[in-house]
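Engineer: Just a sequence and a predicted model for now, questions to come.
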Amino acid sequence: MKMWRVILVITGLASGIILGLAYGWLIDPVKFVDTNPSSLRIDYQTDVVVMVATIYTHELDTQAAIDRLSLLGTSNIGGLLEDSLNYAKEMHFTSQDIEYVIILNEAITNTNGEGGDQQ
């Protein structure tokens, strides 16, 4: 009787796995679609901004930083930097990350006069 239960459990598990895989792969597979990076949540956008700011502190190429930030799909780079800086402070990012974003924001502001609408 005990062996019968073990066989039943193993058969049930195997059937569940096979049916689940068949459903996921054949009946209703995942459909990948291209999404705009501007649809990223603020935490992911802030991560991108911090990465771009870190690269900027090593390269000191303001135009390249603007081009990289433009990939997020926003025309208001200054607003993106401000929002990201506020989020980074709120979420207690490292002081170095915050400093890098501030440096980048100042560089873009000085390049464009006000740092607002840039493409």
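Structural biologist: On my side now, so go ahead.
Engineer: Please count neighbours and contacts with C-alpha atoms only from this point.
Structural biologist: Noted.
Engineer: Tell me which residue is most central in the chain.
Structural biologist: The chain has Tyr44 as the residue nearest its centroid, 3.2 Å off, counting by Cα atoms, centre = their mean.
Engineer: Give me the distance between whichever strand or helix holds it and the centre of its chain.
Structural biologist: Taking DSSP states H and E as the criterion, Tyr44 maps to helix 42-59. Centre-to-centre, helix 42-59 and its host chain are 11 Å apart (Cα atoms, centre = their mean, to the nearest Å).
Engineer: Show the subsequent helix or strand relative to that helix.
Structural biologist: Following helix 42-59 toward the C-terminus (DSSP H and E): helix 62-70.
Engineer: angle of that following helix against helix 42-59?
Structural biologist: If you take axes from the mean of the first three to the mean of the last three Cα atoms, to 10 degrees, helix 62-70 sits at 160 degrees to helix 42-59.
Engineer: what's the average pLDDT for helix 62-70?
Structural biologist: Helix 62-70 shows a mean pLDDT of 93.
Engineer: Check which helices and strands the helix or strand that that helix is followed by is in contact with.
Structural biologist: If you walk from helix 62-70 toward the C-terminus, the next helix or strand you reach (DSSP H and E) is helix 77-90. Secondary-structure packing of helix 77-90 (3 or more Cα pairs under 8 Å, 6 or more residues apart in numbering; DSSP states H and E): helix 42-59, helix 62-70, helix 95-112.
Engineer: try it again with 6 Å
Structural biologist: Applying 3 or more Cα pairs under 6 Å, 6 or more residues apart in numbering; DSSP states H and E, we find helix 77-90 packed against no helix or strand.
Engineer: contacting residues around the helix holding Tyr44?
Structural biologist: For helix 42-59, the surrounding residues in contact (Cα atoms under 6 Å, 6 or more residues apart in numbering) are Ser84, Tyr100, Val101, Leu104.
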